[in-house]
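Participant: Sharing a model prediction with you, sequence too.
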Amino acid sequence: MGAPHNIIRHPAMPGGAFKLMWDTLQAGDPFCAYVANLAADGSTYSVLATITPLGQDSYLSVRCRPQCDDLHNAATAIYRATRPLELESRAAGLSARDAAATGLQKLAHLLGDAGFATYEDFMNVVLPAEMAIRWAAPQPRRPDATGPAADLLVATTALQDALHDWMAHQSRLADVAQHLQVAVPQLRLSMDEALQTGQTLTRSTSEVFNPVMIWINLWAQMMDSLDNILSQLGQSLTALRQSCLRTVFHLSLTTLHTQTVAQFAVELIDQVTVPGYDEQARMAAINALGQALAHGFSATEERVAANATLAAQTASHVDFTHDVMDIPHQVIAQWKKVADAHASDTAALLPRVEEQVRRTDESLALLEELSRQISSVAQQTPTARVTAALSQVLTCMSALLGQGSPSWAGWAPSGS
């Protein structure tokens, strides 16, 4: 108690990981990582550490036992591959800061090899996966308890349920965006095939003027112009999915904080005592958790609103793409009408064109369905339920703290 963290720092932990932590925190963003620590007897214990900036150089750290063995083992392997490089850099005369920077570059490279473009992408996977396991475990209940701590425990249960639904909503939105991301290359492939078909057919009949082929040529030119539209759609979908995944990370962190508040409530109900840890220290921790919950919700609420706007813009972009793709579809339908009058000239072309029309029909149907899904999910956000549940938790925490003004006094959701 009251000692700096580095007294439990494990020699296997790379300095690059701690540099990354401070770079993230000083940018105002929360951080999480698997960390190996030294126990007092020299043994190793591992934690999933989360750190949240509270402002004015103040931070809240909540640690829990790692549950996802595959992710934990992957992180440990990356640390194991990075630390020797830092030690070699130190032996070569580099300062601890410069060696940590070298280690951070190595960490980034190894994360890329593992399929993560950035460490933020890794965090966006790790914390939700860990919280999914914690959510599935039995939550503490004290049905016979009464008083402020018992009221707080009941309130945290309701908040966790609401946060779980909120995370599921944002995850569904991210999933729809991912499905659309997968669809875009399929659309581009179908478009390229149609373009090649049109160009091939146009070249094959270019020696003799054939008015029927004017429609084919026009169709090919239109398909060629769709590439930029699909590229813009892909960018919109990437932005939406990344924003949703980051929102799920923040909601996972808020859920962890809520579970920690519940654990404090259980300790108070059960009258748990810890040598050297007095009631004032416990209340200070509860106060910090309340501040993190209030500020975390406000930031997440803004993210969810931004995601809803992104979703609406993306749905509009999908609809626009559908409408633009429908134009060459109508052109080729007109060609078929004209071609019927020149059956002898077009009989050999008809099967290839009809196959392209069939594929375009499938693409248009897919766009319609995904546009409907993304609009539907975006409109079903359970923000109001979370707001009410969080307000009740903060009210119970204020009652528990008693005298004095809590750090979140005056908090209200942005929609209030």
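Facilitator: It's in.

Participant: Ala40: neighbour count?
Facilitator: Here the neighbour count serves as a burial measure; for Ala40 (other C-beta atoms under 10 Å) it reads 7. C-betas here are computed from N, CA, C, even on glycine.

Participant: Pretty sure Tyr34 sits in a strand.
Facilitator: Yes. Remark: Tyr34 belongs to a strand, assigned using DSSP: H, G, I helix; E, B strand; the rest coil.

Participant: Offset the numbering so it begins at 56, please.
Facilitator: I'll keep to 56 as the first residue from here, and by that count the last item is Tyr89.

Participant: Beta-bridge partners for it, please?
Facilitator: Taking DSSP bridges as the rule, Tyr89 bridges to Leu103.

Participant: C-terminal to the helix or strand bottoming out on mean pLDDT in the chain, what's the next element?
Facilitator: Least confident helix or strand, the chain: helix 398-401 with a mean of 59, by mean pLDDT, DSSP states H and E. In the C-terminal direction, the helix or strand that comes right after helix 398-401 (DSSP states H and E) is helix 405-433.

Participant: Which other helices and strands does that next one contact?
Facilitator: Secondary-structure packing of helix 405-433 (3 or more C-beta pairs under 8 Å, 6 or more residues apart in numbering; DSSP states H and E): helix 203-259, helix 334-395.

Participant: List the buried residues for it?
Facilitator: For helix 405-433, the neighbour count (16 or more other C-beta atoms under 10 Å) marks 408, 411-412, 414-415, 418-419, 421-422, 425-426, 428-430, 432-433 as buried.

Participant: What of stretch 87-103?
Facilitator: Buried residues in stretch 87-103, counted by 16+ other C-beta under 10 Å: 87-93, 101-103.

Participant: Over to stretch 132-140?
Facilitator: Residues of stretch 132-140 classed as buried: 133-134, 137-138, 140 (neighbour count, 16+ other C-beta under 10 Å).

Participant: how about the closest residue in space to His219 that isn't next to it in sequence, what does it touch?
Facilitator: Taking C-beta to C-beta, 6 or more residues apart in numbering as the measure, His219 lies nearest to Trp190, with 6.2 Å between them; neighbours along the chain are not counted. For Trp190, the contacting residues are 215, 219, 310, taking C-beta atoms under 8 Å, 6 or more residues apart in numbering as the criterion.

Participant: Just say helix, strand or coil for Trp190.
Facilitator: When the structure is split into helix, strand and coil by three-state DSSP, Trp190 lands in helix.

Participant: same question, Pro193
Facilitator: Taking three-state DSSP as the rule, one finds Pro193 in the coil state.

Participant: residues near it, how many?
Facilitator: Residues within reach of Pro193, counting by other C-beta under 10 Å, total 5.

Participant: and if you look at the one 3 residues further on?
Facilitator: One way to gauge burial is a neighbour count; for Arg196, by other C-beta under 10 Å, it gives 12.

Participant: Am I right that it falls within a helix?
Facilitator: No. Judged by three-state DSSP, Arg196 forms no part of a helix; its state is coil.

Participant: Can you pull the phi and psi angles for it?
Facilitator: For Arg196, the backbone dihedrals (degrees, to the nearest 10) come out as phi -130, psi 140.

Participant: Contact partners for it?
Facilitator: Taking C-beta under 8 Å, 6+ apart as the criterion, Arg196 is in contact with 208, 212.

Participant: circling back: could you export the helices and strands packed on helix 405-433 as JSON lines, including distance to Glu322?
Facilitator: Formatted as JSON lines, the helices and strands packed on helix 405-433 follow (distance: least, C-beta to C-beta, whole Å):
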{"stretch": "helix 203-259", "distance to Glu322": "8"}
{"stretch": "helix 334-395", "distance to Glu322": "8"}
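
Participant: Dump the buried residues of stretch 87-103 into a markdown table; add distance to Gln81 and pLDDT as well.
Facilitator: Converted to a markdown table, those look like this (distance: C-beta to C-beta, whole Å; pLDDT from 0 to 100):
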| residue | distance to Gln81 | pLDDT |
| --- | --- | --- |
| Cys87 | 16 | 97 |
| Ala88 | 16 | 97 |
| Tyr89 | 21 | 98 |
| Val90 | 18 | 97 |
| Ala91 | 23 | 96 |
| Asn92 | 22 | 95 |
| Leu93 | 26 | 94 |
| Ser101 | 25 | 96 |
| Val102 | 22 | 97 |
| Leu103 | 21 | 98 |
